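Participant: Sequence and predicted structure, then a few things I'm wondering about:
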Amino acid sequence: MNQPAVYQPHPSHQQQQNTPPPPHAIARRSGPAPPPRVPKQKKKQIDDDIIVTQSPDQETEDGRIVNRQAVKAIIDTWIYKQVRQRQAEFTQYKQASLFLGTWNVNAKGKSDERLDEWLCADWQTATPDIVAVGFQEIVDLNAVNVAVDNKTQQRSQFWVEQLTQTLNRRAGSSQPYVLVASKSMVGLLIVIFVKAVHQHRVQYVSAASVGVGVMGMMGNKGGVSIRLHFYDTTLCFVCSHLAAHRENVTGRNQDFSNVYSKMVFDVGERAIQEFIRSGSLSHWSIGKTEVGIADHDMIFFIGDLNYRIDESMMTEKVLQLSEKNILDELRTLDQLNVERAAGRAFSDFFEGILNFPPTYKYQPGTETYDQRPDKKVRAPAWCDRILWSAQQPEHVQQITYGRSEKPNISDHKAVYSTMRVTIKDVIQSKREAIYEQLMKLVDTVENRTLPVIKLDRVKLDFGLVHYEQSASLSINITNFGGVVAHWRLIPKLDENVVSKPWITVAPAHGLIIPGSSPSCIVCTVTITKDTAHMLNSGREVLSDVLVLRLENGRDYYITVEATYARSCFGMSAEELVVYSDPVRNVPLDSIKRSKGIDPRAPATLCIPKELWRIIDAIYENGLYTPHLFTEVGILEEIAQIRECLDTGTRFGEFCIHSYAETLTTFLESLSAPIVPGNLFPSQEIDSLSIQSCARRLLEELPPVHYNIFVYVISFFREVLIHRDNNLLSAAKIARVCCSAMAAGADIVGFGTSAARRHGMQLIILHLLETSSI
């Protein structure tokens with residue numbers, strides 16, 4: 001492949017690579033209380049997709065139902081899976097080198113500085129086969145440029161020319177580079193080059209962009225991406241610029257999620273078929289000509305991701321450690337490491353160890369972090385990052401990961417990485433022989449007789465199911481006939497979904513060869529917050545029917561039933577104060593409930609007893625605990641505490657952080673937020689208006705919500721008395737309170753949602769620091 005000798009990493013280097021930070025290395029985090037966590041789902045498989053056909057089902061004279069389009073899709077799926085299992089029979093693997101670079105140029109325009117030190121830092125032994133470079137802020141992100149995008153093309157052309165000249169000046173005329181594609185959006189630009197010798201093996205190039213900035217769609221923030229077929233491996237390169245500001249971790253996570261999920265490439269039917277025949281696209285969606293970021297063998301995500309050092313470390317200390325190149329403590333508090341470890345962003349991505357100083361924020365033209373008195377001093381951070389993900393992680397090996405001191409016209413340092421990747425090269429004749437063999441097998445068996453299957457059960461009774469916990473049962477399908485059996489789950493008459501939202505079934509369709517082992521359907525029931533709201537309001541019951549259709553055969557009806565172990569989580573505050581007994585003893589059925597309790601009777605409690613029990617446990621045992629309400633609890637203990645609250649049993653010996661997380665998730669789960677959206681401030685909060693805004697809030701809260709609000713604020717005042725021990729601040733507590741007591745609030749009216757939520761945080765901060773209540 002015109003490449004250097006295969007790179008063999010030192011054992012210690014190999015151990016460092018391809019490893020996400022271990023959860024135990026991330027002990028603390030700041031900001032809102034942790035969101036409800038659910039077990040990580042397995043990666044979606046090709047046969048998990050519901051088949052949508054263009055042609056209607058047809059019924060034969062003898063009552064059999066058939067849909068030829070669905071049968072073909074099921075056969076294609078089965079053949080795809082067989083081909084993927086036999087890739088080694090028709091695929092040879094080659095090594096290729098890949099250079100990745102990212103730089104936020106800070107809208108400096110045209111620069112005379114050469115890019116050699118950055119782009120060619122790793123060219124001592126060989127030149128890379130692929131070069132992928134991303135830029136951010138190639139234009140100033142002002143309102144005119146965001147709306148009109150009038151300078152982007154001009155600046156993009158300049159940087160493409162600079163890259164071309166730099167690469168070919170170093171590579172020489174014997175091994176020139178050719179431009180594959182470039183894609184820009186406002187300040188973002190991504191450019192891909194390959195050596196000319198590989199140009200004939202680059203196919204199906206496509207570019208796309210996603211804006212997530214102003215109004216959630218403008219291009220001042222977002223991502224640009226280029227995907228391609230290099231030999232027979234699918235590659236996707238994404239350059240992104242995520243939300244700014246040190247405290248806005250949630251905004252960055254949401255921006256990443258939007259870019260990752262919304263980036264779509266329409267590659268055409270021919271490209272899709274070629275990918276499938278080569279054993280690629282494990283996320284393939286039947287009948288579509290579009291692919292997303294996840295539908296690639298390898299993904300490389302670069303850019304100014306804007307993750308900072310956690311706010312728990314003062315700016316002065318971050319500067320001190322960065323200047324002395326003492327990085328261990330900074331890496332531990334790096335927000336991207338924290339979010340990856342918690343599974344909230346980039347959970348399937350790898351990154352090399354950050355062994356270079358933070359790349360932001362420098363005084364342009366110097367090697368000094370910007371501490372000028374006329375500028376706002378910002379804590380240094382590793383804003384500029386390079387991450388990757390691969391269907392087969394062993395096929396990507398990072399060789400270097402560093403930063404370049406030149407060019408230095410920006411307040412960011414450029415970052416680079418060299419990868420060794422293993423790519424597929426399909427032997428066409430062997431692949432076609434396998435396809436022909438598989439098609440003959442299906443045709444031979446399919447033509448013998450009609451399909452006959454048997455389900456080992458058609459009733460699934462899950463018994464007692466609990467809040468935020470999943471339960472699964474399986475059904476085995478056996479082919480007793482002499483022909484291939486194609487089955488699929490279909491919506492019931494006059495419906496467009498297979499099941500109610502609290503049920504998931506996988507796989508949704510399948511093919512069973514006669515004499516093969518049974519296929520297994522796994523049905524999972526999960527009670528989420530939304531489902532609990534529906535159950536408590538009487539708008540939902542845990543009962544449903546699944547319809548399994550056997551193509552060219554009959555329909556099978558599977559009943560699914562469960563009993564909800566009622567929980568205080570997901571109920572309304574007004575209902576909770578009515579019950580002095582444990583919630584588990586209160587019937588869901590309104591008729592049965594009315595026999596023991598008059599729903600019109602006045603409340604027997606001022607606040608829910610469950611709220612009192614949690615706060616009392618923290619008050620008695622945990623006010624001095626460091627990092628209270630900022631460190632996550634233990635998942636198993638949180639479930640046990642919830643069960644104690646629901647059944648009225650005594651608490652065991654649990655971690656204080658588990659109690660704290662239970663408190664915030666309890667408040668977040670209430671069917672109506674303690675602070676409704678219409679009470680959020682509709683004007684800018686300042687020192688003159690904050691007192692009147694706080695008084696209005698207290699006066700207009702519904703009675704039960706008022707009691708809870710005052711009780712919680714009073715508790716957190718007690719917490720702040722011990723701030724020297726628990727390391728909390730009033731600002732952190734205000735964010736926790738706003739996140740918990742205004743979760744899901746529908747904020748409408750004057751100003752943006754973020755501005756009004758910030759105003760509510762200021763009001764809560766005022767109430768925490770004064771004696772207004």
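Facilitator: Happy to help now that I have it. Numbers count the residues shown, from 1 in each chain.
Participant: Glu351 contacts Leu387, correct?
Facilitator: Yes - in this structure, Glu351 is within contact of Leu387 by C-beta atoms under 8 Å, at 4.6 Å. For the C-beta atoms, the positions are set from N, CA and C on the backbone; glycine is no exception.
Participant: mind listing the strands in the stretch 301-450 of the chain by residue range?
Facilitator: 384-390, 396-404, 414-426 (DSSP state E, counting those that start in this stretch).
Participant: Can you tell me which of the ones you listed is nearest to Ile618?
Facilitator: Of all those, strand 384-390 sits nearest to Ile618, with 37.0 Å by C-beta to C-beta.
Participant: Let me see the mean pLDDT of the closest one.
Facilitator: Strand 384-390 shows a mean pLDDT of 97.
Participant: go on, stretch 295-304?
Facilitator: Across stretch 295-304, the average pLDDT comes to 95.
Participant: quick one, strands of the stretch 151-300 of the chain?
Facilitator: Going by DSSP E, counting those that start in this stretch, the stretch 151-300 of the chain shows strands at 177-185, 188-195, 202-211, 222-230, 233-241, 264-266, 290-292, 298-304.
Participant: and the residue lying closest to Ala730 once chain neighbours are set aside, what does it touch?
Facilitator: Residue nearest to Ala730 in three dimensions, not counting chain neighbours: Leu768, with 4.8 Å by C-beta to C-beta, 6 or more residues apart in numbering. Applying C-beta atoms under 8 Å, 6 or more residues apart in numbering, we find Leu768 in contact with 713, 716-717, 720, 730, 733-734, 737.
Participant: ok, 7 Å please
Facilitator: Counting by C-beta atoms under 7 Å, 6 or more residues apart in numbering, Leu768 touches 713, 716-717, 720, 730, 733-734.
Participant: and the one helix or strand it maps to, which residues are buried?
Facilitator: For Leu768, the host element (DSSP states H and E) is helix 753-769. By neighbour count on 16 or more other C-beta atoms under 10 Å, the buried set for helix 753-769 is 756-768.
Participant: Poorly predicted segments of the stretch 301-450 of the chain, please.
Facilitator: By pLDDT under 70, the weakly predicted segments of the stretch 301-450 of the chain are 447-448.
Participant: how about the helices in it?
Facilitator: Secondary structure of the stretch 301-450 of the chain, counting by DSSP state H, counting those that start in this stretch: helices at 315-323, 328-332, 335-342, 428-446.
Participant: Find the residue ranges of this structure scoring beneath the pLDDT cut-off.
Facilitator: 1-54, 60-62, 143-150, 214-219, 277-287, 447-448, 593-603, 744-752, 772-773.
Participant: any idea how far the residue nearest to Ala730 is from Asp461?
Facilitator: 49 Å (C-beta to C-beta, to the nearest Å).
Participant: just Gln85 next, same as before
Facilitator: Counting by C-beta to C-beta - Gln85 and Asp461 are separated by 36 Å.
Participant: Could you do Cys523 as well?
Facilitator: Taking C-beta to C-beta as the measure, Cys523 falls 11 Å from Asp461.
Participant: what about these two, which has more around it?
Facilitator: Using other C-beta atoms under 10 Å as the criterion, Cys523 and Asp461 rank with Cys523 on top: 20 against 11.
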